[in-house]
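Asks: compute the structure for the input listed below.
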Amino acid sequence: MIPPTDLTGALPGNQLELEISSLAYGGGGVSRVHGLVVLVDRAVPGERVLAEITHRSKRFARGKILRILSPSPERGEAPCRHFRECGGCTYQALDYALQLRTKREQVKDLLERIGRIPNPVVLPTLGSDHPLRYRQRMSYEVAAQPEVGIGLHRLAEPESVLEVPDCLLPVEELRVAYRRILEDLRPLPGPARPHRVELHAGWGARACVALLRGAGSPSPTVRRLAEGWVAREGILQGVTWISEEGPGGIVEKGSPILLAGAGTVEEKLGEFLFRIPTGSFFQANPPLAAQVFEIMGAKCGPGEILELYAGVGALTLFLTERGRRVVAVEGREESLRAASENARSNGVRGVEFLLLDVGEALHRWIRQGRRFETVVLDPPRTGLPHGGARRLARLAISRILYLSCDPATLARDLRELLETGDWKLKEVLPVDLFPQTAAIECLAELESAASRQAPRSRTSPA
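Replies: As a prediction, this is how the structure comes out:
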């Protein structure tokens with residue numbers, strides 16, 4: 001046994017006895033070996049474990065549990081039978097109240113370390129009423145190995161796929177569709193398989209649509225399967241194919257191909273009904289997302305609102321309450337077209353939809369000297385483009401509402417915003433849109449530094 005004080009012992013293949021002090025963002029239990037941080041998958045604070053080191057870098061090491069020597073009183077029994085092998089639900093062995101507290105602490109730590117924000121105001125995490133069976137969208141990898149169909153990545157083996165027929169995250173309609181598709185894709189030879197399968201269960205009857213992503217055109221076998229899933233078996237209301245290229249299929253090539261049935265799915269948030277093109281981004285936990293959008297709408301004061309990354313208009317419609325004017329920017333043409341149609345079908349007016357890259361939009365309005373009372377944004381995981389935070393700081397007058405799916409990139413962008421000296425961080429609300437997992441959504445509210453010193457009323461030029 002390597003003594004835990006010996007730094008040379010933290011090498012791949014070696015075994016160490018470790019004390020777990022906390023949980024890092026991403027889910028690893030934190031231990032320290034002579035100053036080196038060791039992250040142990042699925043470890044719980046307050047326990048002592050025997051772990052094998054699986055990875056070592058200059059900054060940290062990773063390990064896996066071989067045996068729990070002294071269990072934490074906070075460790076529970078994970079309800080899912082796939083928990084020990086699946087890489088998805090990192091926190092399932094923790095009581096849900098502890099999951100919420102842990103995520104709040106992680107957000108505060110990231111804001112302090114990456115954002116360099118002293119003592120940020122981080123509110124208690126907004127939790128989900130349904131910690132299980134809440135996901136209406138799931139993305140599955142298609143296995144490269146023979147005799148395996150579609151599933152999620154194995155724990156500590158991202159190149160390997162684990163079939164998850166009894167996963168406890170998707171709603172029942174989505175789980176039924178997954179099981180049927182799994183049976184049909186498993187025997188397909190490699191060249192005929194798609195790379196990835198995305199399932200979306202809609203509102204009401206929740207008939208699912210499927211998006212298959214793969215190289216080139218869909219094979220005749222895949223076309224026949226799609227027709228069967230829709231017409232004969234009725235487990236899906238539509239199947240669409242998107243061709244991708246590049247390592248791992250990362251670049252979309254050409255337009256989506258509708259293989260069978262409908263190319264859209266209907267979803268409801270609050271009082272609004274949305275029609276979403278298959279493959280367009282939409283929240284996987286609609287009831288909780290609606291709560292967040294209502295909070296954001298309530299935080300917006302009078303005056304013109306700029307919304308960046310509008311998508312299919314899910315948040316946009318919540319911003320228009322009390323007759324406010326919204327300029328909504330989206331870079332994907334199909335999503336913007338759907339957003340405009342969703343506004344029209346819900347009887348919402350006062351929205352100007354613009355097909356623009358966000359970086360281009362920021363440049364344009366700064367050159368024009370145009371400003372907006374409130375700026376609202378919900379960017380992808382990568383956050384704002386380089387230099388985007390400083391440009392954003394010059395566009396908003398009174399308020400910035402930043403909804404982020406990655407608190408690390410949020411902290412980076414907030415640091416750049418606050419360094420301008422024109423903005424103050426009022427508060428950050430963590431939101432648990434993905435219970436049982438390590439993912440954290442955050443809503444950051446920033447106020448103009450000038451408005452905190454003296455009340456004022458300003459509106460932007462039209």
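Asks: which stretches of the protein have low pLDDT?
Replies: Applying pLDDT under 70 to the predicted model, the residue ranges of the chain that meet it are 1-9, 205-206, 246-251, 451-462.
Asks: scan it for its longest helix.
Replies: Secondary structure of the chain read by DSSP state H shows that its longest helix is helix 96-113.
Asks: which other helices and strands contact it?
Replies: Counting contacts by 3 or more C-beta pairs under 8 Å, 6 or more residues apart in numbering; DSSP states H and E, the secondary-structure elements packed against helix 96-113 are strand 22-23, helix 407-418, strand 423-431. Bear in mind the C-beta positions are built from the backbone N, C-alpha and C, glycine included.
Asks: so what's the residue count around Gly13?
Replies: Applying the criterion other C-beta atoms under 10 Å, we find 8 residues in the vicinity of Gly13.
Asks: can you tell me how far it is from Val33?
Replies: 15 Å (C-beta to C-beta, to the nearest Å).
Asks: what does Leu212 give?
Replies: Computed with C-beta to C-beta, the distance linking Leu212 and Val33 is 45 Å.
Asks: comparing these two, which residue is more hemmed in?
Replies: Higher neighbour count among Leu212 and Val33: Leu212, with 26 against 21, using other C-beta under 10 Å.
Asks: now tell me what touches the longest helix of the chain from outside.
Replies: By C-beta atoms under 8 Å, 6 or more residues apart in numbering, the surrounding residues in contact with helix 96-113 are 22-25, 74, 91, 94, 117-120, 122-125, 127, 131, 407-408, 410-411, 414, 428, 430, 432, 435-436, 440, 442.
Asks: need the phi and psi values for the residue nearest the centre of the chain.
Replies: Central residue check for the chain by C-alpha atoms, centre = their mean: the C-alpha nearest the mean position is that of Cys405, 4.8 Å away. Note on Cys405: backbone dihedrals following degrees, to the nearest 10 are phi -100, psi 10.
Asks: what sits against it?
Replies: Contacts for Cys405 (C-beta under 8 Å, 6+ apart) come out as 380-381, 439, 441.
Asks: in ChimeraX, select just the buried ones from those.
Replies: Taking 16 or more other C-beta atoms under 10 Å as the burial criterion, the selection of buried members of the contacts of Cys405 in ChimeraX is written as:
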select :439,441
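Asks: redo the contacts of Cys405 as a markdown table? Include secondary structure and distance to Arg196.
Replies: Below are the contacts of Cys405 laid out as a markdown table (DSSP: H, G, I helix; E, B strand; the rest coil; distance: C-beta to C-beta, whole Å):
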| residue | secondary structure | distance to Arg196 |
| --- | --- | --- |
| Pro380 | coil | 17 |
| Arg381 | coil | 17 |
| Ala439 | coil | 18 |
| Glu441 | strand | 23 |
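Asks: quick one on the thing from earlier: tell me the helix or strand right after the longest helix of the chain.
Replies: Where DSSP states H and E defines the elements, the next helix or strand beyond helix 96-113 is strand 137-142.
Asks: how is the protein divided into domains?
Replies: Here the chain is described, according to automatic domain parsing, as comprising the domains 7-75, 99-129+285-453, 137-269.
Asks: ok, which of the ones you listed comes nearest Gly279?
Replies: Proximity of the domains of the chain to Gly279 was assessed by C-beta to C-beta; the nearest stretch is domain 137-269, lying at 4.7 Å.
Asks: just to revisit the earlier point, next, give me the two most distant ones among the contacts of Cys405.
Replies: When those are compared pair by pair using C-beta to C-beta, the two farthest from each other are Pro380 and Ala439, 13.6 Å apart.
Asks: follow-up on the earlier one: I'd like the domains of the chain as JSON lines, with distance to Cys86 appended.
Replies: Shown next, in JSON lines, are the domains of the chain (distance: least, C-beta to C-beta, whole Å):
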{"stretch": "domain 7-75", "distance to Cys86": "11"}
{"stretch": "domain 99-129+285-453", "distance to Cys86": "11"}
{"stretch": "domain 137-269", "distance to Cys86": "5"}
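Asks: mean neighbour count, the helices and strands packed on helix 96-113: which tops it?
Replies: For those, the largest average neighbour count (mean count of other C-beta atoms under 10 Å) is found in helix 407-418, namely a mean of 22.
Asks: orientation of it relative to helix 96-113 in degrees?
Replies: Comparing the axes of helix 407-418 and helix 96-113 via axes from the mean of the first three to the mean of the last three C-alpha atoms, to 10 degrees yields an angle of 40 degrees.
Asks: can you pull the contacts of the closest residue to Thr420 other than its chain neighbours?
Replies: Of all residues beyond its chain neighbours, the one nearest Thr420 is Ala393 (4.5 Å), with distances taken as C-beta to C-beta, 6 or more residues apart in numbering. By C-beta under 8 Å, 6+ apart, the residues touching Ala393 are 400, 417, 420, 422-423.
Asks: now for those, which pair is the farthest apart?
Replies: With C-beta to C-beta as the measure, no two of the contacts of Ala393 lie farther apart than Ile400 and Thr420, at 11.2 Å.
Asks: which parts of the stretch 301-450 of the chain are helices?
Replies: The residue ranges that make up the helices of the stretch 301-450 of the chain, judged by DSSP state H, counting those that start in this stretch, are 316-319, 333-345, 358-368, 388-395, 407-418, 449-453.
Asks: what of the stretch 101-250 of the chain?
Replies: Using DSSP H, counting those that start in this stretch, helices in the stretch 101-250 of the chain cover 172-185, 220-227.
Asks: list the beta-bridge partners for the closest residue to Ser139 other than its chain neighbours.
Replies: Take Ser139 and drop its neighbours on the chain: the residue closest to it by C-beta to C-beta, 6+ apart is Glu198, 4.8 Å away. Applying DSSP bridges to Glu198 gives these bridge partners: Ser139, Leu211.
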